[in-house]
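S.K.: curious how this folds, go ahead:
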Amino acid sequence: MKTWKLVSGILSIILFAVVTFQSCAAGIVNTLEENGSSSGSFGFVVAILMLAGGIVSIASRKSTGKGGNIALIILFGLAALLGFAGYGNYSDLVVWSVWCLINAILAVIASIKTKKSIE
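M.R.: Numbering: from 1, shown residues only. Next up, the predicted model:
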């Protein structure tokens, strides 16, 4: 699971930039069309949570406890939940939400495989 944490952390940090730019573009489109959608704002929050999840994933890859995995479950799970809830006209947000959901599920698996409890 150490390799997964490193790879997913690096990819999440890289995808942070992509999601941020797309969210800004979606926010501008929402403003210009005056459609009342807030999918650009949801996308920006998902991007911030992805960045935080990526940093935690890299930082906790060698830990033996469950604390890092629990933090990843919360960060990526919240990002997936917000992304699915607020995608609106920013349909790529579903793709990034699926990425976050996959990371949250793998963090749950890593947490189950970890034998040491929180101390």
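
S.K.: what ranges do the strands span in this protein?
M.R.: For the chain, strands defined by DSSP state E do not occur.

S.K.: report the buried residues of the top helix by length along the chain.
M.R.: In the chain, assigned by DSSP state H, the helix with the most residues is helix 2-33. For helix 2-33, a neighbour-count test (16 or more other CB atoms under 10 Å) marks 5, 8-9, 12-13, 15-16, 19-20, 22-23, 26-27, 30 as buried. The C-beta positions use only the backbone N, C-alpha and C, and glycine is treated the same way.

S.K.: where does the most centrally placed residue in the chain land on pLDDT?
M.R.: Geometric centre of the chain, nearest residue: M50, 3.4 Å, by CA atoms, centre = their mean. The score at M50 is 95. That number is its pLDDT.

S.K.: just want to check the distance between it and W96.
M.R.: 7 Å (CB to CB, to the nearest Å).

S.K.: which residues do these two both contact?
M.R.: With contacts taken as CB atoms under 8 Å, 6 or more residues apart in numbering, M50 and W96 have 15, 19, 79 as neighbours in common.

S.K.: could I get these as CSV with distance to K62 and pLDDT?
M.R.: Below are the shared contacts of M50 and W96 laid out as CSV (distance: CB to CB, whole Å; pLDDT from 0 to 100):
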residue, distance to K62, pLDDT
L15, 23, 93
V19, 27, 92
A79, 23, 94
